[in-house]
Structure formats: C-alpha cells, structure tokens
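*Asks:* sequence plus predicted model, see below.
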Amino acid sequence: MLFNSYEFIFLFLPIAFLGYFMFARKGRELAIAWLVLASLFFYGWWNPAYLLLIVASMLVNFGIGEALSKAHGSTGGSSKLLLTLGVLLNLGVLGYYKYAGFFIENLNAIADVDYHLKTIVLPLAISFFTFQQIAYLVDAYRGITKEYRFSHYALFVTFFPQLIAGPIVHHNEMLPQFARRDAFRASLSNICIGLSIFAIGLFKKAVLADGVAGYGTTIFDSAANGTELAFFEAWGGALAYTMQLYFDFSGYSDMAIGGARIFGIRLPLNFHSPYKATNIVEFWRRWHMTLSRFLRDYLYIPLGGSRRGKIRRYVNLITTMLLGGLWHGAGWTFVIWGALHGSYLIINHAWIHTREALGLSRHAEPSRLAKSLSWLLTFLAVVLGWVFFRASDFDSAMAMLRGMVGINGVALPNALLRHLGEAGDWLTRIGIQAHLGGGSNFIFTYSWVSVLLLIALFAPNTQQILSRFEPALEPYPSNERYQISMGRLSSAMRWAPTAKWAVATGVIAALGVLALSSVSEFLYFQF
Amino acid sequence: MDTPELDFRRFVRLSLATFVGVLLVAASFNYFVDPYDLFGAPRVKGFNALKPTAGKHIRLSKPFMVSRFSPRTVIGGNSRPELGLDPLNACWKQADHPVFNMGIPGADIFMQARMLQHAMAVAPKGDKQIFWGLDFMDFLDRRPEQNDWTSWPRSAHEYEKSLAVTASGQVNEKLPWNRFKKYATTLFSIDALNDSAYTLLSQGNANASTRRRDGFNPARDYIDAVALEGQNVLFRQKNRELANIFARNDLSLFGNGRQWSHEFETVSRTLEYLKKSDTKVTLFINPYHANYLALIALSGRWPEFEQWKHQLQRLANEHGVDLWDFAVFNDYTQESLPVERNSKRTLHWFWEPAHYKAKYGDLMLRQLLGASCPEQDSRTVGIRLTSGNIESHLEHERDAMALYRKLQAESIDRLEAYLPGKAADAKSIRLLSPPPP
C-alpha cells in the first residue's frame, strides 16, 4: 500500500490507529499483535506471496538473534560463526533476489557463455529489511540489544511506517519506545504533530516531486532512445530528476516519521536539507542518513574505518560507497554512482588533510564567496552522480553527459527565441541553435527546477519546522558552517498548534490529497 | 512540550475544517469551470466558455460530452476530422442535427471504432448517420507472424471503462461506477484545479485552444504557432515526423502474404454492428497535402497505399456503405509553401501536411452532403470509389504523383532528406517533440 493513496490515508491509517489504541486497553501484547498484523496486511497489499518471505526471514533471524543474545559473554567462537552464518544467509537471500540476474548477465558477457535465469521479481523492501535485520544480528552479538518475544521482533521489522523504504531503524531505538508507560495511550499532541509531518511529506511527494517528475523522465527517456540532447535539455532533465529524487524520498521519509509519530513513536531522521551542504562529506551526513549510519557502523568501521592510515581509509571509503551504490540496484550505473561518491569523499578528505598540512585552519569561517563556490561544486558533483543513478544504462548516462557538456550544441526552443525578439536574434548570432517544439516544456522544466531549488536551499526542513516538538530521534546537530545559510526563514517557520499553523497544515494536506488522483510510486521502492 | 491540550484540540478542529473546506472549494471550482467539459457545467462567456486544456483529456471527456449531446449525426476518426469537419457547416440538413464531432487526436482505429460504437449507443433511437474519416497511417502496425485479428479485440483499454457498450456490443454494467470514479477523481484533483485556473485566465486569449460543445476543435492553437514560427516550420516538423514513421521497417499494412489485419477486422466488425443499429455509414479517406503523399511514395509505400484503398473499397462494397477518397492530388492539396523559414504567409487549405483546415473540410462536406448544400459549388476535392472506377482512379493518382515529383524537384529533394539515412536538412533545427495537436 502506498502512503500517497486514498486507501492508506482514509482507510488503513485510521483503522490501524483506532484498532491499536482500542486493543491497547485490553493489553499491550494484543495491541502489538494488531500492529504486526496490520503491518503485514500493509505489506501484503502489493503481493501476498511476499508475506511468506518476510515472515520466514523474520523467524530465522529471530532464532539466530536469540541464540546470539544467549551466547553473549560466553567464550568460544561459536557465536561468531553463528553471526557470520546469519549475515551470509541474509546477504544470500538478498543476493538471489536482487543480484542473480545481474551476475548471470555479466558472467555470460565475460565468459562468453549463455546461461538463462527465469525472471526474478524483487520482493518489495527486501533491501531495507535485510539491512535492518543484519544490524540486529550484529547488535545482538555485541550484546547491545536482545529480544525474546517474536511479536516484538516482528514489530521491529514490520512496523509499517518504516517497513518499505526506511528509515532503517535499530532494534534498541524502537522497542524501548513501545515499552514506555504512556506508549499505549493515544495523545492528541502526537496526532497533531504526526499528521502535520505526514502532511508536509505528502505535499513534498505528491505535489512537488510528482509535479517535476515528468520533465526529468522525458529527457532521460530521450537519452535512452538515442536522441542527441542539447545543453539546456540535458541540464533540465538532470536538474529535474535531482529535485524529484530529493522531494520524493525526503517526502516519503517525512510521511514515515509522521505516520509513526501518530502512534507516539519517533523514528530516526533520514534527511536534513542535503542540497544545502557545501561539501560532500556534509552531504552524506544529511542524505539518507540512516543508510549512511548503517554503512558507517556495519561496513566502514568494521573494515578499519580511519584507524589504519590514510591509504587504508581511502580504500575503505571507496569500498563502502561502491557497495552502497550496488545496494541501490543491480547495475553498473549504480556501481559508477558509488565510485563517483567514493572518489568525491576521498578528494574531500584529501583536501582537508592538505589544508591542515599547509597550516590553514579548519575552523575559520569561510567567506560568502568561498561558501557559494563550495556549494556549487558540491551540488554539481551530486547532480553528476544522479545522472548515473537515474540513467537506465551506461550509454544513456553518457548521452546525458554529452548533452550537459555541450557536445551537441546549445539550443533553445524556436518559439522561445522568436518570443525574445532581438535578444533571440542576438542569441542565434552567438551560436545558440533553435529546436522545433518543446517551448512550453522548456519553460515549465526550468520554472519547476528554480522553485524547487529555492525551497531546497532556503526553506527550513521538517525537523527545523517542528523543532519544538522533537519530530525525530537524535535531531541533527545543524552545522551552519557547512551549509548555505537559510537566513531568517527558519526561525519564522516554527510549527506550533496555533490557528495559523492549523490553516497551513489543512491547506497543504488538502493539496496533497488533491494530488493523489494521479498516483505514482516512490522512487526508493525500487531499491 | 508545555503546550496546553486545549491548543491541540483547537488545532485539530481548525485544520480539519480547513482541510475539508479547501477540498470542497477546489471541487466546486473544478465543477463550475469544468475545464474538460466533463460535467456539462454551463459555458459562460468570459468565465469558462473556452476550454484550453480540454485537449489533454479529450479521451476522458468526449464519451461524456456525446452522451449529453444525443447526436443524430456523428463524425468519427482521429484529429484530422476533429479539426477539419465542422458540425455547424451549412450543408448539414435539419434532420442531420444534432451533429457531434467524435474525432479523437491520436486515436488508433480500434479507439475510433469504440468511440463511434459508444456514440451510437447513447444516441436517440431512430435513423442515425456516421461519417468516419480514415487514415493510412492508422493501418500501419507491427505485424506478428500469427493472425492477429483472430482474437478480437486484442485487449481491453482503460478508456473503454467510460463507454456505454463493450466491444462485443453488450451494455457496460460498470459504467455508473466508473463514471462516479471519473467524476470524483476529476473534482478532487490538483491537475484539474491547475487546469481550471488556466481556463479562467485564458478566457481573454483570442487564440486559446478549445473544444466546442459539439466536439469540434476549431484549431485555434495552430494560429499562434503559425503566427510565431511560420507555417514553414510546422511543415518541416511534421514532414520529418512522418518520414520517420514511414521509414520504419517494422510497420506494414498486412502481415506476410496476408490481405487482412486487426484494423480491417475492426472496421468490418464496426460496420456490422452499426448496420444493426439503424446507422448509415459513410467512410472517407482524409485528405493530405501533396508533401504527405510524396513522402508515402518516397518511402516506397505507394503500392501499400494503393493496396489499402483497394481493400477499403472492397470492404465498403461488402457492407454496402459509401467510401470517398480525398487523399488525392488537386490544386488545393498542392498549394505551395512559404519558402522563407519564418515567413508570415499562410496556406489557405492546410495547417501542415497531415491536417487540413475546416475551410477544406467545408469543400469535402459540400461533396459528401451535396444535395443539401444551400449554395452549390462545382469544385470537387474527392471521388466516391466504386469497383468500377478504382483502377482508373489509382492510375490517375499514380500519374499525378509522377508529375508532382517532376515539377517539384526541389521540394522532393527536401522531403527525401527527411527520410532516415538521407542527408538531414537540419542545419540548425532538430525535432524535439511533435507539434500540436
């Protein structure tokens, strides 16, 4: 079931909510069982067949986790072996569903053989619940967390707001919240805060992301069909997708956080205005934060992190980002995207070391110009990455890039040039070409991109708007030094249960619902 | 969090009231502006009389428009008759009215047929008539090896949910529910809200695109395009698009060694259905500018074009309906283009090679409805095909084609360059998207 659907908003969510607090009066375990069943129904709505997989996965992981917890503290290598087995089992299932086709395809190409595999449909959310359960096993092994009730464990995995595409949560940040004394009492403040966050997310997804989506899709499809894109078309497509992805995924994350909050549960933050970042390290502290956290804690640090010298650190960084790229999808474009970001991070760290070696302080406040240039460089690097992330294959990505560097010339719609009159003639004289058709498309693309970029850069994010009410677990310690400043707007837009905010919330919720008539899936559901 | 509970209660009440209020205001606005003419709200001059966004959802709204119109005469086909044949033309007899134009831009043959079937199902009882404009390109399709008309229809389409009858002629029992869903999703839609606002703001635009209540498209969106870019640009854009399609090897009229296709099966079944519902049908082949005809020849499809006319004539004969051919060479279809790229001179009879103007449609109606025209005119723009005249007619057209190639060598060179693999004329012009509509 999609968050941005009538059935979720008007049926599932109210029923799940009412049932939960109604059963809670009769007993906590009953309420938890209800929430697990509701979440499984939510998951099975797409394809009930996948329910078997997720339930089997939970049973096996719960069993291993229980054994690991019991063995914690005992000597001997059996728990390490069990952990390895558990992790491999999870990765094996993920590998089969997500990477088997990719592996065979590459094997055929390299070894000149012709193996066939029947089409394997990727079960929804498998990438997310696999990572979440691996983290649980590692935490159980380390003694950080333990769980002896299957229903509680199932709630940790399936809790519907975070089940499909995160935020990726830890067992020990979720379950203690359900154990609180007031956890099973409906709270009007939580409902208001939760619905407000949900409404902001719905607006971001259904109105903004879906609004700009078509402009990116058209151009990426043209690139895939072999059309030679001119400069402004290619940039329009890349920027439109850049905006779509951010508003889609951060909108989804807001809806997840808001949905959970209605039940009184706080989820970890997933986004903190990533496009405001002025360097790539900062970008990754703000983009898909729970994935970054997972990769850091369960891959980068176990690989040695930064503890074994600079070279080893760089190797660890690129390895982490390559695997992070591959996690998004079985395709070389995702590997290239990961490699690009790994390289960006290495360059960023090398730059910091160089500055330190030259005796330049890391702590001096950069000038406005330096900050703007840093932002521009970071943003361009991110957009370049998204081209590979979005393109259907390597050739399409290269077709986009050829357009973006101007190899196919710089062209504007003929109608626009004619509208511009003398200025249009001047543009033609300096070599701007004309293309037929696409005039209104051009105007809409750049209008959408400009407005969304301004929002992404200068508007406060959901966490900041709701900051008085702790919208998420562990609020991000906003570091103004590494972001483009947003000025006074942030302090002016602080949510409170006032008449002004009630009207604003009602309006954006209504606009979000009005945008549901053309339903589209969230981009991150494919990963 | 020291906010009193009372504040939250007030917040809930106020935000809920705003939420419901905005939804109701949006739905009322969408209903009264009725940007797609879906609900049949009164058209008020200066408020919603013009429907500039109706074209975007015409497949959605025309079935509802025609249901309200209860026509006796229906014009069917794709965008060519939609903006070429005017239901208000003086040649229609009193008994022909009301006349509705059911042309749907971009409709394939099956959709055209289903729309006509629907129009007849909702028309009042008694004698009715249909004028169905056919297009060569609509009969070109990817041909699988097997007989693809044996399982007819191939599949159900989303738009068919709004039609009164199924392809086999049964009453569509789900229509009331589907209509309710369409109404609700349009009333509570942000896209419709945008389009309603745009509709309101466009009422002062003399050239705003629109659809009349009788389904006719007055082609006003061409006026700005022609004024701004010149008709030469429209011709080049469309010619290139046509050349790309005609050059595709995977498209053909019939499969290997066959003389039949899903499209012919569709026309045949529809004629059969219409015969049972007291409907007189007249088929006609849409006129094209000579550039279009030349592209058919230059891409090597002229024999297929003749074969198509032959088969249509046989089909018409079999079902006892008239077939007119307007896709011919004459002084009108050979009207010359403005040479200069941005010339303001416009053609009298055509918007671009594939779309004739309503003025040309008037000449066609004069012939189709000859006897009832108030002012008779001897000018002929087409011919009624019969088994007796088709051979000589096709030969005549073949000769006309040869003559055109000879006399218009320069145009022919330019058209040839559009065909993929030939030298492109695009020194600085590239095709990005198809022209309107």
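*Replies:* Thanks, I have it.
*Asks:* residue ranges with poor pLDDT in the stretch 1-150 of chain B?
*Replies:* Counting by pLDDT under 70, the stretch 1-150 of chain B contains low-confidence ranges at B:1-6, B:144-150.
*Asks:* and for the stretch 401-527 of chain A?
*Replies:* Those would be A:436-437, A:475-481, A:485-490, A:519-527, if you go by pLDDT under 70 across the stretch 401-527 of chain A.
*Asks:* now with 80?
*Replies:* Scanning the stretch 401-527 of chain A for pLDDT under 80 picks out the ranges A:414-415, A:418, A:434-439, A:474-492, A:518-527.
*Asks:* and the residue of it closest to chain B?
*Replies:* Residue nearest to chain B within the stretch 401-527 of chain A: A:Gly506 (2.6 Å; Cβ to the nearest Cβ). Backbone N, C-alpha and C define where each C-beta goes, glycine included.
*Asks:* got the contact list for the nearest residue to that residue once chain neighbours are set aside?
*Replies:* Excluding the flanking residues, the one nearest A:Gly506 by Cβ to Cβ, 6 or more residues apart in numbering or on different chains is B:Thr18, at 2.6 Å. B:Thr18 is in contact with A:Ala502, A:Val503, A:Thr505, A:Gly506, A:Val507, A:Ala510, counting by Cβ atoms under 8 Å, 6 or more residues apart in numbering or on different chains.
*Asks:* make it 10 Å
*Replies:* B:Thr18 sits next to A:Ala499, A:Ala502, A:Val503, A:Ala504, A:Thr505, A:Gly506, A:Val507, A:Ile508, A:Ala509, A:Ala510 when contact means Cβ atoms under 10 Å, 6 or more residues apart in numbering or on different chains.
*Asks:* buried sites along stretch A:14-31?
*Replies:* Across stretch A:14-31, burial judged by 16 or more other Cβ atoms under 10 Å in any protein chain shown covers A:Ala16, A:Phe17, A:Gly19, A:Tyr20, A:Phe21, A:Phe23, A:Ala24, A:Leu30, A:Ala31.
*Asks:* the first one belongs to a helix?
*Replies:* Yes - secondary structure of A:Ala16 (DSSP: H, G, I helix; E, B strand; the rest coil): part of a helix.
*Asks:* let me know the pLDDT of the nearest residue to it once chain neighbours are set aside.
*Replies:* Counting by Cβ to Cβ, 6+ apart, the nearest residue to A:Ala16 once its immediate chain neighbours are dropped is A:Ala38, at 4.3 Å. On the pLDDT scale, A:Ala38 is placed at 96.
*Asks:* pretty sure A:Ala38 contacts A:Leu11?
*Replies:* No - the pair A:Ala38 / A:Leu11 is not scored as a contact, 11.4 Å apart, by Cβ atoms under 10 Å.
*Asks:* which of the buried residues of stretch A:14-31 lies closest to chain B?
*Replies:* Of all these, the one with the least separation from chain B (Cβ to the nearest Cβ) is A:Phe17, at 13.8 Å.
*Asks:* who's in contact with that closest one?
*Replies:* By Cβ under 10 Å, 6+ apart, the contact set of A:Phe17 is A:Leu35, A:Ala38, A:Ala186, A:Ile191, A:Gly194, A:Gly259, A:Ile262, A:Phe263.
*Asks:* need the next SSE after the longest helix along chain B, C-terminal direction.
*Replies:* The single longest helix within chain B, with elements called by DSSP state H, is helix B:5-33. Downstream of helix B:5-33, the first helix or strand assigned by DSSP states H and E is helix B:58-69.
*Asks:* for that following helix, packing partners?
*Replies:* Other helices and strands packing on helix B:58-69, by 3 or more Cβ pairs under 10 Å, 6 or more residues apart in numbering or on different chains; DSSP states H and E, are helix B:79-84, strand B:99-101, helix B:109-122, helix B:175-187.
*Asks:* next, format the ones you listed as JSON lines and append mean neighbour count and distance to chain A.
*Replies:* Converted to JSON lines, the helices and strands packed on helix B:58-69 look like this (neighbours: other Cβ atoms under 10 Å in any protein chain shown; distance: least, Cβ to the nearest Cβ, whole Å):
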{"stretch": "helix B:79-84", "mean neighbour count": "26", "distance to chain A": "16"}
{"stretch": "strand B:99-101", "mean neighbour count": "26", "distance to chain A": "26"}
{"stretch": "helix B:109-122", "mean neighbour count": "23", "distance to chain A": "21"}
{"stretch": "helix B:175-187", "mean neighbour count": "15", "distance to chain A": "4"}
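*Asks:* check chain B for the residue nearest chain A and tell me.
*Replies:* Proximity of chain B to chain A (Cβ to the nearest Cβ) peaks at B:Thr18, 2.6 Å away.
*Asks:* re earlier: what's around the residue nearest to A:Ala16, how many residues?
*Replies:* A:Ala38: 20 surrounding residues under other Cβ atoms under 10 Å in any protein chain shown.
*Asks:* that one: what's it in contact with?
*Replies:* Contacts here follow Cβ under 10 Å, 6+ apart; on that basis A:Ala38 touches A:Phe12, A:Leu13, A:Ile15, A:Ala16, A:Phe17, A:Gly19, A:Tyr20, A:Thr158, A:Phe159, A:Phe160.
*Asks:* kindly present those as JSON lines, with separate columns for pLDDT.
*Replies:* Putting those into JSON lines (pLDDT from 0 to 100) gives the following:
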{"residue": "A:Phe12", "pLDDT": "96"}
{"residue": "A:Leu13", "pLDDT": "96"}
{"residue": "A:Ile15", "pLDDT": "97"}
{"residue": "A:Ala16", "pLDDT": "96"}
{"residue": "A:Phe17", "pLDDT": "96"}
{"residue": "A:Gly19", "pLDDT": "95"}
{"residue": "A:Tyr20", "pLDDT": "94"}
{"residue": "A:Thr158", "pLDDT": "94"}
{"residue": "A:Phe159", "pLDDT": "94"}
{"residue": "A:Phe160", "pLDDT": "94"}
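*Asks:* just put the residues you listed in JSON lines and tack on distance to A:Lys371.
*Replies:* Converted to JSON lines, these look like this (distance: Cβ to Cβ, whole Å):
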{"residue": "A:Phe12", "distance to A:Lys371": "45"}
{"residue": "A:Leu13", "distance to A:Lys371": "42"}
{"residue": "A:Ile15", "distance to A:Lys371": "49"}
{"residue": "A:Ala16", "distance to A:Lys371": "45"}
{"residue": "A:Phe17", "distance to A:Lys371": "44"}
{"residue": "A:Gly19", "distance to A:Lys371": "51"}
{"residue": "A:Tyr20", "distance to A:Lys371": "47"}
{"residue": "A:Thr158", "distance to A:Lys371": "43"}
{"residue": "A:Phe159", "distance to A:Lys371": "40"}
{"residue": "A:Phe160", "distance to A:Lys371": "41"}
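*Asks:* tell me the one of those residues nearest B:Glu158?
*Replies:* A:Phe12 (25.0 Å; Cβ to Cβ).
*Asks:* how about the closest one, nearest residue that isn't a chain neighbour?
*Replies:* Spatial nearest neighbour of A:Phe12, chain neighbours left out: A:Met1 (5.9 Å); criterion: Cβ to Cβ, 6+ apart.
*Asks:* sweet, I'm off.
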